[in-house]
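*Asks:* okay, here's the prediction I keep looking at, along with the sequence it came from:
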Amino acid sequence: MKKKIIGVGFHKTGTTSLGMALEELGFSNLHGAGVVRNELGNAEMMRLLYENQFEPILEIAEKAQTMEDNPWFLIYPQLDTRFPDSKFILTIREDKKWLKSAIKYFKGESDFRKWIYGYGNPLGNEATFLERYRLHNEQVLTYFQDRPNDLLVINFENGDGWPQLCQFLNKPIPTEPFPHLNKRKTTPLLSRIKRHIKSTLRPHNKP
């Protein structure tokens, strides 16, 4: 039950950038639900989530030092209990920009989005998606309000990156640029990010 580093920010807030940054710092990382889905199957994974039976998923979390994106950002209280003294990172962005990104990238239906929002598609359900996003951030801040040393709030769009992350984790700042995915300039690390994204895509593995 070693302590972990857990991303608790919603998808489309820079979770992939965070995952790649953690890997660059030398941590083994679980990005999203790919490993969970591969081990349990999509139907069983979703059944466990809907029924709040998290033990099989928590056992998979034992395998890595860090994790972010689905389903980790919504089961942070269970992860906190399972892995005491862990560090938590809340990635955020301006809420209307987040909603615009969600509408752009969340195409079609998704089991995960139905679990999170009650609807699989943001189109026509924009108010529900935005309310859920805001509520999650408020809940995380409330949960950690008496534990400021355990939570980092970071906004990559505002220029946050290595200084904030490395200070929080007590790590030296790498020489590589921080992996901001919205930067167009191609770097070796950005090429790694693109390969990382492709390698995590599986059938039904939607955000």
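*Replies:* Structure received.
*Asks:* find the nearest non-adjacent residue to Arg132, please.
*Replies:* Using C-beta to C-beta, 6 or more residues apart in numbering and skipping residues adjacent in sequence, the residue nearest Arg132 is Tyr117, 5.1 Å away. Where C-beta positions appear, they are placed from N, C-alpha and C, glycine not excepted.
*Asks:* count of residues packed around the one you found?
*Replies:* Using other C-beta atoms under 10 Å, Tyr117 has 20 other residues around it.
*Asks:* low-confidence ranges, this protein, go.
*Replies:* Counting by pLDDT under 70, the low-confidence segments of the chain come to 1, 181-207.
*Asks:* rerun that using 90 as the cut-off
*Replies:* Applying pLDDT under 90 to the chain flags residues 1-2, 107-109, 180-207.
*Asks:* mind naming the longest helix for it?
*Replies:* When the chain is parsed with DSSP state H, its longest helix is helix 126-143.
*Asks:* ok now that one, how far from the chain's centre?
*Replies:* When distances are taken as C-alpha atoms, centre = their mean, to the nearest Å, helix 126-143 is centred 14 Å away from the chain's centroid.
*Asks:* which strands and helices lie in contact with the helix or strand following it?
*Replies:* Downstream of helix 126-143, the next assigned helix or strand under DSSP states H and E is strand 151-154. Counting contacts by 3 or more C-beta pairs under 8 Å, 6 or more residues apart in numbering; DSSP states H and E, strand 151-154 is packed against strand 87-91, helix 126-143, helix 162-169.
*Asks:* helices of this protein, start to end?
*Replies:* Here the chain has its helices, by DSSP H, at 15-24, 34-40, 42-50, 55-61, 76-82, 95-105, 111-117, 126-143, 162-169, 188-200.
*Asks:* list the buried ones in the longest one?
*Replies:* Spelled out, it's helix 126-143. Going by neighbour count (16 or more other C-beta atoms under 10 Å), the buried part of helix 126-143 is 129-130, 132-133, 136-137, 140, 143.
*Asks:* all set, thanks.
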